[in-house]
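[1] here are the coordinates; sequence isn't available:
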C-alpha cells in the first residue's frame with residue numbers, strides 16, 4: 001500500500017493497482033515509526049473524502065434529452081450509469097415526467113466542485129447555438145447518437 005497524504009492523525013492509503021482507498025487511524029507515535037490499525041476506519045463525509053482523494057472519486061456533468069417533453073436536463077454525479085438508470089426508472093422526481101431520457105453529452109471532472117460549476121453554467125444557457133459552443137469549448141463527450149445538440153423546436 002502507498003501513502004498519499006496525511007491529515008492530523010489520519011493517513012490515506014490506496015492499493016497500488018486498484019482504486020480502492022481507505023482511511024486508517026494512526027496509533028500513538030512510536031520510536032519505531034507509525035503504527036496503523038487498519039480495522040478502525042475513520043468515518044468521514046463523501047465531500048471531505050473527495051477533497052483529499054481527487055484520484056479516487058470522478059464526477060461527471062451530463063446532459064439528458066427527453067423526446068417526450070422536448071426538454072434537456074443538466075446534472076452532475078459520481079456514477080453516470082447509475083444516475084441515468086435512476087432518471088429512466090422514475091426515481092428522480094424532477095425527471096419522472098419525461099422518461100425515457102437519452103444521454104446527449106457528458107464530461108468527466110476532477111472533483112465535485114468542478115462538476116457543479118459546469119452544471120450551473122449549463123443551466124444558464126438558453127439557446128442551442130450557445131449550448132453547442134459551450135460543449136465544444138469545454139470538451140464534452142458527445143453521445144454517438146448525434147454529433148451536436150439540435151434545437152427540439154425545429
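    Sure thing, it's come through. Worth saying up front: this structure is predicted, and the values here are computed from it rather than measured.

[2] shouldn't residue 61 be within a helix?
    No. Assessed with DSSP: H, G, I helix; E, B strand; the rest coil, residue 61 is strand; it does not lie in a helix.

[3] after the longest helix seen in the chain comes which helix or strand?
    Ranked by residue count under DSSP state H, the longest helix found in the chain is helix 112-123. Elements were assigned by DSSP states H and E; along the chain past helix 112-123, the next helix or strand is helix 128-137.

[4] would you mark the buried spots in that following helix?
    Residues of helix 128-137 classed as buried: 128, 131, 132, 134, 135 (neighbour count, 16 or more other CB atoms under 10 Å). In short, each C-beta sits where N, CA and C put it, glycine included.

[5] that helix - contacts with which helices or strands?
    helix 112-123 (3 or more CB pairs under 8 Å, 6 or more residues apart in numbering; DSSP states H and E).

[6] surely residue 58 meets residue 77?
    No. Between residue 58 and residue 77 there is no contact, the gap being 10.0 Å when judged by CB atoms under 8 Å.

[7] returning to that earlier point: residues in contact with the longest helix of the chain?
    47, 50, 57, 59-61, 63, 74-78, 107, 109, 131, 134, 138 (CB atoms under 8 Å, 6 or more residues apart in numbering).

[8] pull the number of nearby residues for residue 121.
    Using other CB atoms under 10 Å, residue 121 has 13 neighbouring residues.
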